[in-house]
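Peer 1: need a structure here:
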Amino acid sequence: MTTKLIGCLGILLMLFSPLSAQNPTANLSLKEKFTLSGIITDVQSNETLIGVNIYIPELKTGTNTNAYGFYSITLPAGNYTLQISYLSYQTVNESIVLDQNLKKNFKLSSQEQQLDEVVITDQRQKTNIRKAEMSVSKLSTATIKKIPVVLGEVDVLRALLTLPGVTNAGEGQSGFNVRGGGADQNLILLDEATIYNSSHVFGFFSVFNPDAIKDLKLYKGGIPARFGGRVSSVLDMYQKDGNSNKFSMSGGIGLITSRLLAEGPIVKDKGSFLIAGRGSYAHLFLKAANNKNSAYFYDLNTKLNYKLSDKNSLYLSGYFGRDVFDLNGRFVNTYGNSTLNVRWNHLFNDKLFSNLSAIYSDYYYGLDLNLFGFKWNSGIRNYNLKYDFKHYLTDKVKLSYGVNGIYYDFNPGEIKPSDATSGINYKQLEKKYAFEPALYFDAEQTVSKKISVSYGLRYSMFYRLGGSTLNLYTNNQPVVFNQDLQIYEKAKPIGTRYYGQNKVMESFNNLEPRLAIAYQLNDDQSVKASYNRMVQYLQLISNTASPTPLDVWTPSDRYLKPQILDQVAVGYFRNLKDDAYSIESEIFYRKVKNRMDYIDGADLIANEAIEQVVLNGEMRSYGLELLVRKNTGKLTGWLAYTLSKSEQRTPGRNASETGINNGDWYSNGYDKTHNISLTSNYTLNKKWSFGGNFVFQTGQPVTYPNGQYQYQGITIPTYGARNADRLPAYHHLDLSATYVPKPDKKRRWQSEWVFSLYNVYNRKNAASISFRQNQTTGANEAVRLSIFGMVPGISYNFKF
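Peer 2: Below is the predicted model of the structure:
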């Protein structure tokens, strides 16, 4: 039997290895292939560099570094020239003789001309032409610092709004919207940990300290299979590791916030630390003026890393942030994110890299309502274990594969009496639990000189776990349709069922295929296409177009179905005049099943039976995106334009039901027909540089009253179709100037002044429009609420 098995195995090897069995020359050629691998770092800080391009012109092939600076490529034996290029770093050209497996590390020198200045944001555009990657936006943190923003405070999320396909609900609104999707449909990762609320002070600032961010990528489509759990986009960010060569500090002082970062070696060239803090202090001026109200935030970024050996490294990173909004002690709102991540990098050999991560994420929301005698706490926690592999099979094929499992702990709300005299009784809304495991694989393959593809598959599962009670309804319908009044109403439960801890209440599983292809017309042009399916098992309960801290996350279950996205995109990409200019254009179509919609009059706050006020609908968006960039010279920048439509529909479940909005498609709160952004930077000399940014967006869809009637002496407004009206167009112009007093890079102390002017022509953009009756004339009138007019800003940045 053993002999037969060996014989069968030999036959199979011959069948599936034709090169070896039938072509001795090919076998010799395979034996003459060797692997070149290594780590690429910054020469000054020893910081690993993500996305560095390694190009071999003799073979017209190449690769790039992963999230930990590692690269690997297998080539035939021979003499080659390596071209190592990275944004704002000097390109390295080095000749090598590849006659054996070779490990070669590189240290790149920065081309910075002043404190953290980068004025070119492209990363070797020809690589973008060749690679089957589209709908991906990249911005360096130094470029972000050059974009003028409100109050002169650098903001990562505000910078994203200058890119095509990215908008938000307006000034003072948190989150961002991608290709007409909701802010809750974005997966935001900081060192692989989920961030649930991305804003400070109700949307005025983002939670990301730009000094601590090393790399940032926004995936709008063609999303790799290693990402899942959201249906709109993935914002993937990594923190800096810290300087393992020498101790250094940097920071900045602004009108309302200041920040400080310290980094240095634990053991030189083997380990390092980074700690960065940021806080606001505008509330101190209120106290000085005897104003007892206050609003402030603070956050802390930390990271430790240690190289155990050439093949093993450990990382520990964390984030903690809090916002406090206090109205004279009678109303105190506290909320924020916390994350912790422990990672182990292991290099099995020069072709196989792995990363094991244990991740904790927490979002807390608290209210102290002394005015009413109670406190409210809520939030969501998740525990994530993931193991990822990167396998560099050949110079033409790279594989990524891995597994992960996320355990969720939802706290919908806990009510406590504020003191012993309070008449409020303690109550804990029933907690919810869920488990989301997944496994995936991705492949990047160069098929020919002109064609490259990227394909993958993700298999996701979701288990709604017990420890809570399920309401039961007639025909499994928690919402009923009142035929007489022609409206949807809450159904009354016909019973309940309790599920014990960790018992499965409901389960889902989905296959999520991903595919992208690039066809290179010539060295400067290509066309690309992509398709991806994604599934979102978490739902955000919100009655606003922009997420607020009070919003509650809840898992999919028997009544709230997971959202399922299908998206296709086609694009044309071109470089002009030796990469001095570049053009990226894409058209996309995306459709989402099971998008939640609320019945009219839905009550969302502290609702323990949220299924009684929502229906499962559908959502679609489509559009054109155009990005034109100038990449070289003293004047650089980009023009971004998006023409799009985003709609939602919830038809009746049967012929007798009208559905929401009569079952018709209507513009959702994220629909912006036109979105234009012009961003520019001009370097006058070593001391002075200038920035400008102009933004225009179609007004946000809203529903205005279309009439009124009197009932028992009360004026009651009537409304037409949902979101049939719009706020006025949103636009503003922002300018900034950066002054470096002593630009000598050899100086230990380096500094710069940044002057900014937000909304130069004092546009009163409408955050909302409300209607009221004039107390004097009795006439109806519309009232516009604007957040910002013209706002000057100044900040002082330093580094030593």
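Peer 1: pLDDT below threshold where in this structure?
Peer 2: Low-confidence segments of the chain, defined by pLDDT under 70, are located at 1-31, 111-127, 172, 285-289, 543-550.
Peer 1: all helices for it, in order.
Peer 2: Secondary structure of the chain (DSSP state H): helices located at 2-16, 18-22, 24-31, 125-130, 141-145, 156-160, 282-288.
Peer 1: residue 785 touches residue 765, doesn't it?
Peer 2: No: the pair residue 785 / residue 765 is not scored as a contact, 10.0 Å apart, by CB atoms under 8 Å. Heads up, the C-betas are built off the backbone N, CA and C, glycines and all.
Peer 1: residue 428 is in contact with residue 468, correct?
Peer 2: No: using CB under 8 Å, residue 468 makes no contact with residue 428, being 11.3 Å away.
Peer 1: the more surrounded of the two?
Peer 2: Set side by side, residue 468 and residue 428 show more neighbours around residue 468, with 21 against 12, by other CB atoms under 10 Å.
Peer 1: which residues touch the more buried one?
Peer 2: 430-433, 498-499, 505 (CB atoms under 8 Å, 6 or more residues apart in numbering).
Peer 1: what's the closest non-adjacent residue to residue 695?
Peer 2: Taking CB to CB, 6 or more residues apart in numbering, and ignoring the residues beside it in sequence, residue 695 has residue 677 as its nearest neighbour in space, at 5.2 Å.
Peer 1: ok, what's across the strand from the one you found?
Peer 2: Each beta-bridge partner of residue 677 is listed here, defined by DSSP bridges: residue 640, residue 695.
Peer 1: how much space between it and residue 139?
Peer 2: Plainly put, residue 677 is 13 Å away from residue 139 if you go by CB to CB, to the nearest Å.
Peer 1: repeat that for residue 164.
Peer 2: Note on residue 164: its distance to residue 139, by CB to CB, is 13 Å.
Peer 1: still on that earlier bit, joint contacts of residue 677 and residue 139?
Peer 2: Shared contacts of residue 677 and residue 139, defined by CB under 8 Å, 6+ apart, are found at residue 163.
Peer 1: and residue 596, how many neighbours?
Peer 2: Counted with other CB under 10 Å, the neighbours of residue 596 add up to 23.
Peer 1: residues in contact with the closest residue to it other than its chain neighbours?
Peer 2: The shortest distance from residue 596 to any non-neighbouring residue, by CB to CB, 6+ apart, is to residue 614 (5.0 Å). Residue 614 sits next to 479, 560, 596-599, 602 when contact means CB under 8 Å, 6+ apart.
Peer 1: and which of the residues you listed is nearest residue 412?
Peer 2: Distances from residue 412 to the contacts of residue 614, taken as CB to CB, are shortest for residue 560 (13.2 Å).
Peer 1: sorry, back to before: turn the contacts of residue 614 into TSV, including distance to residue 187.
Peer 2: Listed next are those as TSV, based on distance: CB to CB, whole Å:
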residue	distance to residue 187
479	29
560	19
596	18
597	22
598	23
599	28
602	26
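Peer 1: list the ones among those residues that fall in strands.
Peer 2: Here DSSP state E is the test, and the contacts of residue 614 give 479, 596-598 as lying in strands.
Peer 1: who wins for neighbours among these?
Peer 2: The most crowded member of those, judged by other CB under 10 Å, is residue 596 (23 neighbours).
Peer 1: now do the contacts for it.
Peer 2: When contacts are counted by CB under 8 Å, 6+ apart, residue 596 is found next to 539, 560, 614-617.
Peer 1: partners of residue 389 in the sheet?
Peer 2: In this structure, residue 389 has the following beta-bridge partners (DSSP bridges): residue 354, residue 401.
Peer 1: all strands for the stretch 451-600 of the chain, in order.
Peer 2: All strands of the stretch 451-600 of the chain, identified by DSSP state E, counting those that start in this stretch, fall at 451-465, 468-472, 479-482, 487-490, 495-499, 504-522, 525-536, 538-541, 552-555, 563-576, 581-598.
Peer 1: of the ones you listed, give the one that comes closest to residue 221.
Peer 2: Comparing the strands of the stretch 451-600 of the chain against residue 221 with CB to CB, the closest turns out to be strand 563-576 (4.7 Å).
Peer 1: with just CA atoms, put the closest one into CSV.
Peer 2: Included here for strand 563-576 are C-alpha records, laid out as CSV according to Å, rounded to 0.1, in the frame of the first residue of the first chain:
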residue,chain,number,x,y,z
GLN,A,563,-25.4,45.3,5.2
ILE,A,564,-24.0,43.9,2.0
LEU,A,565,-22.1,46.0,-0.6
ASP,A,566,-21.4,45.3,-4.2
GLN,A,567,-19.1,47.9,-5.9
VAL,A,568,-17.6,48.1,-9.4
ALA,A,569,-15.2,50.8,-10.7
VAL,A,570,-13.4,51.6,-13.9
GLY,A,571,-10.5,54.1,-14.2
TYR,A,572,-8.0,55.7,-16.6
PHE,A,573,-4.6,56.8,-15.2
ARG,A,574,-1.9,58.8,-17.0
ASN,A,575,1.4,60.5,-16.2
LEU,A,576,2.4,63.5,-18.3
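Peer 1: chain center to it: distance?
Peer 2: Here strand 563-576 is found 18 Å from its chain centre; the criterion is CA atoms, centre = their mean, to the nearest Å.
Peer 1: likewise stretch 151-166?
Peer 2: Centre-to-centre, stretch 151-166 and its host chain are 12 Å apart (CA atoms, centre = their mean).
Peer 1: and what of stretch 350-367?
Peer 2: Counting by CA atoms, centre = their mean, stretch 350-367 comes out at 15 Å from the chain centroid.
Peer 1: just give the number of residues close to the residue nearest to residue 695.
Peer 2: 22.
Peer 1: same check on residue 723?
Peer 2: Around residue 723 there are 19 other residues, counting by other CB under 10 Å.
Peer 1: was I right to think it contacts residue 701?
Peer 2: Yes: taking CB under 8 Å as the contact criterion, residue 723 and residue 701 are neighbours in contact, 3.7 Å apart.
Peer 1: list residues touching both of the two?
Peer 2: When contacts are counted by CB under 8 Å, 6+ apart, residue 723 and residue 701 are jointly contacted by 666-669, 671.
Peer 1: residues contacting residue 375?
Peer 2: Counting by CB under 8 Å, 6+ apart, the residues that residue 375 touches are 366-369, 415-418.
Peer 1: most widely separated two among the residues you listed?
Peer 2: Distance extremes for the contacts of residue 375: the farthest pair is 366 and 417 at 14.7 Å, using CB to CB.
Peer 1: those two: which is more packed in?
Peer 2: In terms of neighbours (other CB under 10 Å), residue 366 is the more surrounded of residue 366 and residue 417; the figures are 18 against 14.
Peer 1: that one - nearest residue in space that isn't next to it in sequence?
Peer 2: Here the nearest residue to residue 366 in space, its sequence neighbours aside, is residue 334; by CB to CB, 6+ apart that works out to 4.5 Å.
Peer 1: please name the bridge partners of the one you found.
Peer 2: In this structure, residue 334 has the following beta-bridge partners (DSSP bridges): residue 324, residue 366.
Peer 1: what is the burial count for it?
Peer 2: 16.
Peer 1: also the one 3 residues further on?
Peer 2: The criterion is other CB under 10 Å. On that basis, residue 337 has 24 neighbouring residues.
Peer 1: ok, back up a step: among the shared contacts of residue 723 and residue 701, which are in strands?
Peer 2: For those, membership in strands holds for 666-667, with DSSP E as the criterion.
Peer 1: closest one to residue 776 out of the shared contacts of residue 723 and residue 701, please.
Peer 2: residue 669 (33.8 Å).
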